[in-house]
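[1] Provided below are the primary sequence and the corresponding predicted coordinates.
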Amino acid sequence: MHRLTKLFVLAACLLLIGTAFASQVKGPVAGLIGKNGVIESPAFSGASDYQLPAVGSRRPGSLDEIIISEGFEAYDTGDLPTGWTQVDVDNAACPVPEFEGFSRWIVLNQQGQGGLWPAHTGTKSVANAYNNGAVANNDWLILPQQNLTGTITLNYWASTQDPIYPESFEVRVSTTGNAPANFTNLVATHSGVPQAWTEYTEDLSAFAGAPFYIAFHYISVDMFVFKIDDVVLEGTAGAVGHVAGLVLDDVSGDPLAGVTVSGAGGGGTTDASGNYVFSAPAGTYSITFTKDGYTSLTVPNITVVEGDTVMVDALLAPEAETNDDCDSPLEVTAGDYAFSTAEATVDASIAALPASCNEGFGVAFGPDIWFLYTAPGTGVLEVSTCDQADFDTRMAVYSDGTGSAPACPTTNDDFLGCNDDGAGCGGFTSRLTFNITSGVSYLIRVGGFGTESGTGTVTFTATTDANDAPAIPSAYALHQAYPNPFNPSTQISFDVPATTNATLKVFNSLGQEVATLLDGQVTAGAHTMTFEASSLPSGLYFAQLHAGSFVSTQKLVLMK
């Protein structure tokens, strides 16, 4: 064979051998995403051949079973496994696109935007990322509550995405709740996590025999992306039952969302329908219900049986208002204020209101709360629970004409006005409108008709020289009298949009005038007059309003 031909054949053979050998060796994976661009790192050599054990299985020679076995393959990018929660305490901005603006725990697909986020096995891991501005990470990945006995082992794999920025994290345990502040038990702190997937094992046997939560706490400062994969929890499941129930408002009967239910070493939170459920070890416990604005409730001697669900329902009473007494009113400005009179009391020293406020029927002003409004300008103030309360409300206003809070009204010397049932308001709710003077303070009483109490919102709307708010009516109106039928008096309400001369008269069924309630000038606003009919016989009457060119008539029925 010609020498040149021999050299060509030898070169071809060497090329074939080299190609075959190279095809059997894993080389470095190109295209990994780094903090400052795409990187190639020899430290990373591709996915592992590690096999996750099945939930419920046992390792050879072990009596413990696999409780959690999670490789994150079943979840979409951005999600978390069912029952796993994350809390972003730092709430800082994150520039990594996959995290959509905030550092938070998410399932991350290895095929990212512009490169790879390699998983330990499969194509997915759970990950978190750094914050802008070198803000320290404070991000919690919290696993579902556990109740295990015997030897308890947590095994998992972790990786730093960019070796120039090694990550740090903690493993913590809570034996109470699953809020970050509850994780007072530090199990381990790991710093300088390698880029190559590294196995970690934590012994949690100290927490056997009672419910507990596990959290991965990401604590890096200005690093890049931290990943966890193939999480395995091993132990012996304890005897577990469930506690479930419904929580309602004791006054309105409405479901209460956001109630914290705790006990048996665990707990939960009510959903929008007022329902809750949580796991608990077999035993006897006290269950406590708490919510801001409500009096806490503890139900003792609740027995949890393995495999069963015990129902514990609760009624929570609203807390007493701090402005229950007239000498400690809540200072308010224009706006909406939620209130409750459920725990309010009645001060017997407060003077009974005039008959125009329906106390003339012998129905006293019910449990009440008090507000103090100081007028920022001269004009009109509307105080309203109209269609905003779940009970029959009543209002009154007092002022001594000064900038100081009026004294508790043991007489009606400072009485300015009242309203029982506002014109056009449903559910016997109220609307009270009165003139205000700049710098003068007004004491406003909100309560119920008789013994009625409940919850609602009271709205303060002012029209002053400096604030053209819509407290003045936009049109003339004569509203239905209340009560109607009545005995012996009723309130007749009407609106005038501008100052005008007006008359309000009452006629019997023969057209004869029996009362003149108004004959003169009235200012723009809502007005209420009282028709006193104690000297008149039962029958049909008519109230007629003349205001400018406006005329309207309403039917009245007197029944004795």
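    Received the coordinates, thanks. What you see is a predicted model, and the numbers here were worked out from it, not measured in a lab.
[2] residue ranges of the strands in the stretch 151-300 of the chain, please?
    167-174, 185-193, 198-203, 213-218, 225-237, 240-249, 260-263, 266-269, 275-281, 283-290, 297-304 (DSSP state E, counting those that start in this stretch).
[3] what about the ones you listed, which gets the closest to Leu416?
    Counting by CB to CB, Leu416 lies closest to strand 240-249 out of the strands of the stretch 151-300 of the chain; the figure is 33.4 Å. All C-beta spots, glycine's among them, are computed from the backbone N, C-alpha and C.
[4] how about that closest one: buried residues?
    240-241, 243, 245-249 (16 or more other CB atoms under 10 Å).
[5] just stretch 368-381 next, same as before
    By neighbour count on 16+ other CB under 10 Å, the buried set for stretch 368-381 is 368-376, 379-381.
[6] Also stretch 282-293?
    282, 285, 287-289, 291.
[7] of those residues, closest to Thr77?
    Lys291 (35.5 Å).
[8] Kindly state the pLDDT recorded for Val383?
    In this model, Val383 is scored at 94, pLDDT.
[9] still on that earlier bit, which single one of the buried residues of stretch 368-381 is nearest to Ala264?
    Of these, the one sitting nearest to Ala264 (CB to CB) turns out to be Ile369, at 37.7 Å.
[10] Name every strand pairing with the helix or strand where that closest one lies and say which way it goes.
    For Ile369, the host element (DSSP states H and E) is strand 365-374. In the sheet, strand 365-374 lines up against strand 330-332 (parallel), strand 441-449 (antiparallel) (DSSP bridges).
[11] Can you give me the buried ones in the last one?
    To tie it back to what came earlier, the one meant is strand 441-449. 441-449.
[12] go on, the first one?
    Neighbour-count burial for strand 330-332, with 16+ other CB under 10 Å as criterion, is recorded at 330, 332.
[13] average model confidence for that strand?
    The model assigns strand 330-332 a mean pLDDT of 87.
[14] try the last one
    Along strand 441-449, the predicted confidence averages to a pLDDT of 91.
[15] For that strand, C-alpha coordinates in PDB please.
    These are the backbone C-alpha positions of strand 441-449, laid out as PDB (Å, rounded to 0.1, in the frame of the first residue of the first chain):
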ATOM      1  CA  SER A 441     -67.400  69.600  67.700                       C
ATOM      2  CA  TYR A 442     -70.400  67.300  67.400                       C
ATOM      3  CA  LEU A 443     -71.100  64.200  69.600                       C
ATOM      4  CA  ILE A 444     -72.800  61.500  67.500                       C
ATOM      5  CA  ARG A 445     -74.700  58.500  69.000                       C
ATOM      6  CA  VAL A 446     -75.300  55.300  67.000                       C
ATOM      7  CA  GLY A 447     -77.300  52.500  68.400                       C
ATOM      8  CA  GLY A 448     -80.300  50.200  67.900                       C
ATOM      9  CA  PHE A 449     -84.100  50.400  68.100                       C
END
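[16] picking that back up, what's the closest of the strands paired with strand 365-374 to Arg394?
    Between the strands paired with strand 365-374, strand 441-449 lies closest to Arg394; by CB to CB that is 5.4 Å.
[17] How about Cys386: what's its closest non-neighbour residue?
    Leaving out its chain neighbours, the residue that sits closest to Cys386 by CB to CB, 6 or more residues apart in numbering is Cys425, at 3.8 Å.
[18] Just list the residues touching that neighbour, thanks.
    Shown in contact with Cys425 (CB atoms under 8 Å, 6 or more residues apart in numbering): 384-387, 431.
[19] For PyMOL, what selects the buried ones among those residues?
    Filtering the contacts of Cys425 down to the buried ones (16+ other CB under 10 Å) takes a single PyMOL command:
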select buried, resi 384+385+386+431
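[20] Could you report the separation of Ser453 from Gly366?
    Distance, Ser453 to Gly366, by CB to CB, to the nearest Å: 6 Å.
[21] shared neighbours of those two, which are they?
    In contact with both Ser453 and Gly366: 341, 447, using CB under 8 Å, 6+ apart.
[22] the more surrounded of these two?
    Ser453 (23 against 20; other CB atoms under 10 Å).
[23] circling back to that earlier point, least confident of the buried residues of stretch 282-293?
    Ranking these by pLDDT, Ala282 lands last with 82.
[24] just to revisit the earlier point, possible to save the strands paired with strand 365-374 as JSON lines with distance to Gly267?
    Listed next are the strands paired with strand 365-374 as JSON lines, based on distance: least, CB to CB, whole Å:
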{"stretch": "strand 330-332", "distance to Gly267": "33"}
{"stretch": "strand 441-449", "distance to Gly267": "35"}
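[25] Which among these is found nearest to Asp413?
    strand 441-449 (12.4 Å).
[26] Let me see the ranges of the helices in this structure.
    Under the criterion DSSP state H, helices of the chain are mapped to 3-22.
[27] Show me how the record splits it into domains.
    With domains defined by automatic domain parsing, the chain comprises 32-237, 240-316, 330-464, 477-558.
[28] want to throw these into a markdown table with distance to Asp324?
    Formatted as a markdown table, the domains of the chain follow (distance: least, CB to CB, whole Å):
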| stretch | distance to Asp324 |
| --- | --- |
| domain 32-237 | 32 |
| domain 240-316 | 14 |
| domain 330-464 | 5 |
| domain 477-558 | 27 |
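[29] which one of these lies closest to Asn323?
    domain 330-464 (4.0 Å).
[30] Start and end of that closest one, how far apart?
    Terminal residues of domain 330-464 are spaced 21 Å apart (CA to CA, to the nearest Å).
[31] Then stretch 120-131?
    Stretch 120-131: ends 24 Å apart by CA to CA.
[32] Any idea how many residues pack against Thr184?
    What Thr184 shows, counting by other CB under 10 Å, is a neighbour count of 10.
[33] One more: Ile219?
    The burial count for Ile219: 17, using other CB under 10 Å.
[34] Could you check how far it is from Gly241?
    From Ile219 to Gly241 the distance is 36 Å (CB to CB).
[35] what two of the contacts of Cys425 have the greatest distance between them?
    Every pair of these checked by CB to CB; the farthest is Asp387 and Arg431, at 9.6 Å.
[36] can you list the weak-confidence ranges in this protein?
    1-31, 39-47, 61-63, 112-115, 251, 265, 320-322, 355-363, 465-471 (pLDDT under 70).
[37] tell me, what residue is most central in it?
    Gly258 (6.3 Å; CA atoms, centre = their mean).
[38] give me every residue that touches that one.
    269-270, 291.
[39] Quick check: bridge partners of Gly532?
    To be clear, residue 532 is Glu; Gly isn't right here. Beta-bridge partners, per DSSP bridges, of Glu532: Ser489.
[40] about what we covered before: with distance to Ala498 added, can I get the strands of the stretch 151-300 of the chain in CSV?
    Compiled in CSV, those are given as follows (distance: least, CB to CB, whole Å):
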stretch, distance to Ala498
strand 167-174, 66
strand 185-193, 71
strand 198-203, 78
strand 213-218, 65
strand 225-237, 68
strand 240-249, 44
strand 260-263, 54
strand 266-269, 53
strand 275-281, 54
strand 283-290, 53
strand 297-304, 54
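[41] Of all those strands, which one is nearest Leu518?
    It is, among the strands of the stretch 151-300 of the chain and with distance given as CB to CB, strand 240-249, at 42.9 Å.
[42] So which elements touch the closest one?
    strand 260-263, strand 275-281, strand 297-304, strand 309-311, strand 314-316 (3 or more CB pairs under 8 Å, 6 or more residues apart in numbering; DSSP states H and E).
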